[in-house]
Structure formats: C-alpha cells, structure tokens
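Asks: Sequence and predicted model, in that order:
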Amino acid sequence: MTESTPSATSNESPGSAEQALPTVYDPGAVEAPVYERWVERGYFEADDTSDKPPFCIVIPPPNVTGSLHLGHAFEHTLIDALIRRRRMQGYEALWMPGMDHAGIATQNVVERELAKEGVSRHDLGREAFVEKVWEWKERSGGMILGQMRRLGDGVAWSRERFTMDDGLSRAVQTIFKRLYDDELIYRAERIINWCVRCHTALSDIEVEHSDDEGELISIRYSDDVVVATTRAETMLGDTAVAVHPDDERYQHLIGTEVELPLTGRKIPVIADAHVDPSFGSGMVKVTPAHDPNDFEIGRRHDLPQLTIMDERGVITASGPFEGLDRFEARPAVVAALREQGRIVSEKRPYLHAVGHCSRCKTVVEPRLSLQWWVRVGPLAKAAGDAVRDGRVAIHPKSMESRWFGWVDDMHDWCISRQLWWGHRIPVWYGPDGEVVCVGPDDEPPSGEGWQQDEDVLDTWFSSALWPFSTLGWPDETPALAKFYPNQVLVTGYDILFFWVARMMMFGLYANADNGPERAIPFHTIALHGMVRDKHGKKMSKSFGNAVDPLEWMDAYGSDALRFTLARGANPGVDVPIGEDWVQASRNFCNKLWNATRFALMSGAKVGELPPAEQLSAPDRWILSRLHATLAEVDAFYEDYQFAKACDALYHFAWDEFCDWYVELAKTPLNEGGDAAERTRLVLGHVLDHLLRMLHPVTPFVTEVLWTTLTGDESVVVATWPVADADAHSDAVAESGVEELKRLVTEIRRFRSDQGLKPGQRVAARLDGMAGVPAAHEAEIRSLTRLNTPDEGFTSSASLTVGGVTIELDLSGAVDVEAERKRLTKDLAAERKALEQSDRKLGNEQFLAKAPEAEVEKVRARRATAEAEIARLEAQLDRLAAR
RNA sequence: GGGCGCAUAGCUCAGGGGUAGAGCGCCGGUCUUACAAACCGGAGGUCGUUGGUUCGAAACCAACUGCGCCCA
C-alpha cells in the first residue's frame, strides 16, 4: 500500500500540488514514520543554554509496571498540546519523560513471576532479588514508553529518568539526610495501616475506604459493661473500656475494673472525651495496639499496648484462637462469647467503612509498629502558603478549597515500607545503639555490629523530588537553572494529595535557597478530571467498561483519540468518552484532509495576501473569522480550556471554512484569472493558519497536510500563528456573508419543502440583489443549484428573503401545501416574537429600569417581526390567490 | 457523620440576568466533480422541585429532592 502513503511523509519535493493525496486519511500509514522523523530530527529535545524563555512540564511518572490507559492518554494529550504550542510560540519547551519504580506493584509482579518457579524472594535473598527486579525492568518494564510514541508524545527522550537510577537515588538520599538533620524525619512506634498481603506499612492515602458489609456485635463484658465492635477478634487485645467523662449513666463505673471475657484479664474502665456517648451503649472497648483511635486513648491513659496478631494477620495471643487467621478468629471469638451468653445483639449485615490496600485491595489491618515518619507540619504549611500567596496557581480555582482542606490538616507521613525494591533507608544502627544517618557522600559506618535499616522508602518519597531531581538536583546543573521551577504541572485532581502536595513540600524545602519565588516546583497546577465511559461511569476492569486506548488508535488514529479527549477537557471536570465520539473526531480529521486536498487540487498556495480592497466579501469574511478564532483559541489555551479551544477550531474548520468558504470559493476558482489567484492565496492562508492551530491536538494529520501545503520542513517547528484581528476584522464582510448565508439557507429550505433533489438544477430569477451587501449572485446560484432563466422561463413559485425575490420555474409541480405549512409556521414564530416584544415595551418598569441598549434591542426585534409578518402574510395571500 | 460538586434536547455536556447551544443520536432527501468518515433540510427542551431577589431568572439567593466525589 505504499502508493497510498502521501509522499509528504518522505522528504522529496513536498508541496507540489499535483501529487494526489488519497481520498481518505489513513492514519496507520503515516503516524509511525512521522513520529520517528520528529525524534530523529531532535524536535523534542531542549537546549539548557538557549536564551529562549523556558517552558517545562515534567511527566507525571507512570508506573514502570504499567501500560497506557485512557487516563494517561488524556493527560498526555493535554501536556503535549501545551508543550507543542509553546514550542511553536518560541519557548524552549521541555517535556521531561520518565517512570517511577512503584515499590509495591513492581515487587509484587516479580514475586509472582518467581512464585511460578516455586521460588520466594526470601529464597533468593535481598541482593539477588533486587537484581531480579532490575532484570525484569530491562526485559518487561516500561511498556508504556513505546505506547507514548504511538500517541505522539513529544517528550525529550534523551533525558528520560527513572526514580531508581543513580542520580535520582542520590537526590533521595540527599533530601533524607537534610530532613533528618532538621528533625523533620523521625522514627516512632505508631499505629499504621498494614497490608497483611504485601507485608508492608502503607501511608494513609494508600488506603481506600469503602462501605462494606460486616457485622456489629454487642458484647457483655460484665453486668454493667456492654461494648459494640465490628472486629470482635480484637477484644483479645483490649486493655480498657472507655466511657465519656460526662456520661451520667456510667459515672459509677469509672475507675473500676472489669474482667475481659475469654482471657480472664482485668481491665480498667476509664473516662475519655473521645468516646461518643450516643453511639451504641456509649461504652467502647479500647485496643491500643490495633486501632488508631484506641491507640490515642491508650497514650492518654498510659494503657498497655497488647499486640495479638502477627504481620500475616494471624492471631498470636495465647489461647484457643492462636494460629487462626483474623477472619477465622472473628466468628470463633463470637461463637465462644455466645456460648458464655455474652452476645447482647448482632447486627448483620452492618454497613461500615473498611480500609483496603490501594495496590491489592486486601483489608488493611491497623497495626502497631516502628516506622519512619516525615513531620509534615512546617512543610505542609509552606505548601499551603505558596498557593495562598499566589506563587503557585491552581487551575481551576475551584479546586483550591480541596487543596487547603488537605494541606492545612495533614497527618505525619509514614515513609518506611517493608519491601526490598526501593530506596533503602540510609540509616545505620551501631552495636551500642548508635543511629547514624548517612548522606550521599558519606561512608557508611562499617565494622562489627553495624547494620543498615532494613526498610525502603515510600515510592512517593522519590516522586516528590521529580520536578527537580530529573533536572539534576542536587547538582547545580544548567538544566536545573533553566527549567526549575517548572512552568506547569498537569495532573488529575485525584492525585492532588498523593503527589502534588508532596512535590510542593519537598520542592519548597529542597530549593529554599532559591528564594520564595523560585523555590516552588511549578508556577501552575492544571488539574484535569477522570476519564469515564460514555455514560459517565468510572472505567474499571471489573465492571468491564475499560477501554484500551491502543485499540481506538488502531481503528481511528491517534489524532482522533487525542482530539476527542482534548475536546472533552473542561478544567477539573471528568471526561466521558465513547467510541462514537472517537469516530466523530476521525471524521473531523478526514474532513481536514479532504478540505486540504481540495485546496491543493485548486492550486492553493501560501503567499502574501492581496490588499483587502482586492478581496471579495467571502474572502474578507473568512479572514476575519479566522483571526477572531485564533484570538479565541489563544485565550482558551491560556486558561487551560482545552475543550473550548477545540470546539472553536472544530466549528471554524467545519461549519465556516468547509461548509461555506470552500463552497463559495468554487465560483471564483472556476472563473479563473485574478479571482482564482486571489482565492488560492486566501485558501492557502486560512489552511496554513488552521493547520498550525490544530497541530498541538492533532499532530499527525496536520503534519502531513501542512508540509504538503507549504513545502516546509515540519509544522512541529513552525511558528504559532499570531492573531491579527486588527488587520483582518471586518464587520461589514461578516454581516454581508451572514445575510448571504441566510438567503442561501432560505432557498434551500424552500427547495427541500418543494421536494427538489439537492442536485436538481432549476431555473430561477433573482430580483433585488442590490439590496444584499454581499451580492454574489453567481455564488448564490452555485450554492442553491439555481440556473439562470432562459427564454422558456415561467415562474411557478416565488419566495422573498429580506429584499430579495426569488422566482422559480418548477415546471408546474408546485407543492402549495408544503409551502403554506412552512410559511404558516414561520408566521406563527414571528407573531410570537411580536407579542413578546410588545409585552416588554408595554411594561413601564421595563422601559424605566432596563438598560437603553436592551430596550433598543427589543424595539429592533419588534420591527423585524413586523416586517416579517407583513412579508409572510403577503406570500400566503399570493399562495391563496393561486 | 463532616465537606465539596453536579442536576439544561434521547445520550454526553457547554452556556450564563434579557425566555436556549454543541457533538453524537433521531426523521426526510441526496453518490451535487474535496470528503457517503460526506452533503442538504428537519424534529426535539415549561434548563430537578419549591420559595425569594429583580422591570426581567434557566442563570443570583435559600430550602428540598436525587446523583456523584472526597474525608472520617
């Protein structure tokens, strides 16, 4: 199928009009070679030393185990559009690519692979296992990078980074040491979210809550003491019962002891304000080692912390339940209590919030353990302030409240993970209890008894450094100097807490020496929504509505997918997407293709436009509209309104340029001579601008068309069109063409009502054309298929539009009824308008209080209605007379 | 339980103090020499409910109902 490949994709002689583009755009034939040529020519690379203004966006690093899903495709489309436009505008544009190492996910993948061979990571040992992970990464990781090429992502491939590479690991160690020395990192025993499957701690935000069906069991500990719980097995670890200090019902119990069933232990009844007296009996069991709230109560009252479960979720408390899994122990404990007659009530099912590991969905177990933490207080305060004082802007602004709600009430961040894949905590413990934090250039302590901490850091810890670690930090590299702070961060609102907050905290902290203005990681946070299915439902594999973007790219082309996503991108709002819409975008690309094809066949060329006075009204109209659209598109881009920018371009390209200008252009093109030459230049001018404007969202098709049209090297490095509304704005031409369009549409309606086939030519006489500012009779006849009358002309039907009368020769076959229906309908509409205008103008309050311009508008509407009514009534009369 | 957001055409969404727009879908007609992935014409909405502000509300305010999200 090589002959169907447009020769524009090869380098020789682009722009010669005689070369035939195929009648249908075939994305599959052009995308891959076009992309590879862009990369070869280095268009996406950036120069650290240029004096162009910087424009840098770092990729939200995809997971090394992941593949491209629609969420990526969406985000990447938006970033790529911003980057490409800025590059065309003359910025030094850099889109930094890379991936994160996804500690838990990656370790899981490799462990699963090993398990197939019956090997566990413990069989291999730490070092060999990590080696295996690296091998896996080289072999199977980063599938997404190839898929990004398919999408057309203009990233600077030579700068690709990975959170586990040497430079970024050094950045991690550097900041750990600094935070440690500043006492912003500490080690403490707390209740953490423990995943019994992944065998690691999770931070709060790695836990997803859902309302699950469980049970609420009320247990009688003694005659006076009844507590309710959804996790009955934890009662084995109770070390107190608590009531509210002001609860009159239980004053007499405070300070007494009660025997804990099944264990025989005596535990105190204490008073704590945390207890909600209105919930259940108003008494709660307190299990400090297995519940975060109970942990706090336990600390306030100095209660023992009794751990009754191991890291697999298996009961360790001695007794009959020892060795049972937590979910086996639960009914077993309830059964044992029931046997003793201690079950007061059981509510089942009982809907309550349950935390799940965001990676493997296992129910999280609150667990007391020794972990490393970031003291976020001052860091989060700084992150909040940066937005509060305007150094960092959040788009859309309505998302700010979400931001403040989070950073102003942030809990300390648990950063240690009990994994092997990740950045190992650079802390060493000595034989005599010494603790040494080792910086990147320090020698770790060696000798008998010294040991490094076993844990690794949360993946987000390294991702938090991404905006500057990828540019070379902590070294003072030219890249860092040029591109930090980044200009924009584009990401989903769901990740504001996960990632953005962390980048803000670490960016501001690590780069504080830059001064407040340049410490920030980025100037703007542009938030987008989630991609949803065509009915607005969340996409998920389990629900079966997930879509593989690659399938759609195969079927409709990357540009079609990109355009659909960008066109749906209202700031911070979710984007529903369905195959129909991608198909529609494909059709749009094909429309552009064919419009350009027509223009090229007509000899369109890019050159200096003739002065305005030599241009026709349609010429001046389309130029006026073009530059108005350009100005609009610019304004929308500056405000991250991708949907509106795309809509404006779609509307201009299809409804104005293709449907009207191109059709109008056929008349002068057929005429030949100066008129045709002039039209070729206007066609070339409009297409040149339009294709450049569309390039950021539909890079492939515009590349082929634009290089063919202009003969230039690549639209990637073309300049962004500058809106010149002053030079081209032409209100007279605009209203003239509007009137012409109205005339044409009215004639077409008439033809349609009369049952004339669209292509069927009939003779007609046009009178009163002098009254139409854009009196282009030849164009009007061409658009309405009306021949000039010859000797045998007999008028058998007529209509009037404005001051124009159209007499048609329908050879007697006039459908009077259809005409009457239409006229009656129009008349009713005008009468209604008249009535409404009269009502307003008869309202003295309206006349007195409404602005003059508004009153004037209603008067004008009334006048139009009156004239139209007269016209329609006259036509109806004439019809009746026939 | 706390907070936030959304209710506009069959579907998905824009809009925004002067009585409504788009895309897709739908109906009728066309292979009219760029494009049937197209062209021409058409139908379709008391802008969730109830109050209030205003000369005027779909738009602003309040309550209610329904849906969604985040946090506990």
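Replies: Received the coordinates, thanks.
Asks: Could you count how many residues lie near A:R391?
Replies: 16 (other C-beta atoms under 10 Å). For the C-beta atoms, the positions are set from N, CA and C on the backbone; glycine is no exception.
Asks: pLDDT wise, what is the nearest residue to it once chain neighbours are set aside at?
Replies: In space, and not counting its chain neighbours, A:R391 is closest to A:I520: 5.2 Å by C-beta to C-beta, 6 or more residues apart in numbering. For A:I520, the model assigns a pLDDT of 94.
Asks: Could you check how far A:I520 is from RNA strand B?
Replies: 24 Å (C-beta to the nearest atom of the strand, to the nearest Å).
Asks: Likewise for A:P611?
Replies: For A:P611 relative to RNA strand B (C-beta to the nearest atom of the strand), the value is 27 Å.
Asks: OK, contacts around the closest residue to A:A105 other than its chain neighbours?
Replies: In space, and not counting its chain neighbours, A:A105 is closest to A:T65: 5.0 Å by C-beta to C-beta, 6+ apart. By C-beta atoms under 8 Å, 6 or more residues apart in numbering, A:T65 lies in contact with A:102, A:105-106, A:109, A:141.
Asks: How about A:A595?
Replies: A:653, A:657-658, A:662, A:687.
Asks: helix or strand right after the helix or strand where it lies?
Replies: Taking DSSP states H and E as the definition, A:A595 sits inside helix A:579-601. Next helix or strand after helix A:579-601 toward the C-terminus (DSSP H and E): helix A:617-638.
Asks: Name the residues of that next one that are buried.
Replies: A:617-634, A:636-637 (16 or more other C-beta atoms under 10 Å).
Asks: Put the alpha carbons of stretch A:853-862 into PDB.
Replies: Presented in PDB, the C-alpha positions along stretch A:853-862 are these (Å, rounded to 0.1, in the frame of the first residue of the first chain):
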ATOM      1  CA  ALA A 853     -29.400  49.000  24.700                       C
ATOM      2  CA  GLU A 854     -31.700  46.300  25.900                       C
ATOM      3  CA  VAL A 855     -34.800  48.400  25.100                       C
ATOM      4  CA  GLU A 856     -33.300  49.200  21.700                       C
ATOM      5  CA  LYS A 857     -32.800  45.500  21.000                       C
ATOM      6  CA  VAL A 858     -36.400  44.700  21.800                       C
ATOM      7  CA  ARG A 859     -37.600  47.600  19.600                       C
ATOM      8  CA  ALA A 860     -35.400  46.300  16.700                       C
ATOM      9  CA  ARG A 861     -36.700  42.800  17.200                       C
ATOM     10  CA  ARG A 862     -40.200  44.100  17.100                       C
END
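Asks: Check the most centrally placed residue in chain A and give its pLDDT.
Replies: In chain A, the centroid-proximal residue (C-alpha atoms, centre = their mean) is A:H528; its distance is 3.6 Å. Per-residue pLDDT puts A:H528 at 90.
Asks: which residue ranges form the helices in the stretch 201-350 of chain A?
Replies: A:292-301, A:326-339 (DSSP state H, counting those that start in this stretch).
Asks: can I see the domain layout of chain A?
Replies: Using automatic domain parsing, the domain ranges for chain A come out as A:9-17+A:556-729, A:195-366, A:760-881.
Asks: Does at least one residue of the last one sit close to RNA strand B?
Replies: Put plainly, it is domain A:760-881. Yes: judged by C-beta under 7 Å from any atom of the strand, domain A:760-881 and RNA strand B are in contact via A:785, A:825, A:836, A:839-840, A:843, A:845-846, A:849-851, A:854, A:857-858.
Asks: Same check on the second one?
Replies: Yes: using C-beta under 7 Å from any atom of the strand, a contact is recorded between domain A:195-366 and RNA strand B, made by A:204-205, A:208-209, A:211, A:353.
Asks: Quick check: mean pLDDT of that domain?
Replies: On average, domain A:195-366 scores 86.
Asks: Show me how far that domain is from its chain's centre.
Replies: Mean-position distance between domain A:195-366 and its chain equals 41 Å (C-alpha atoms, centre = their mean, to the nearest Å).
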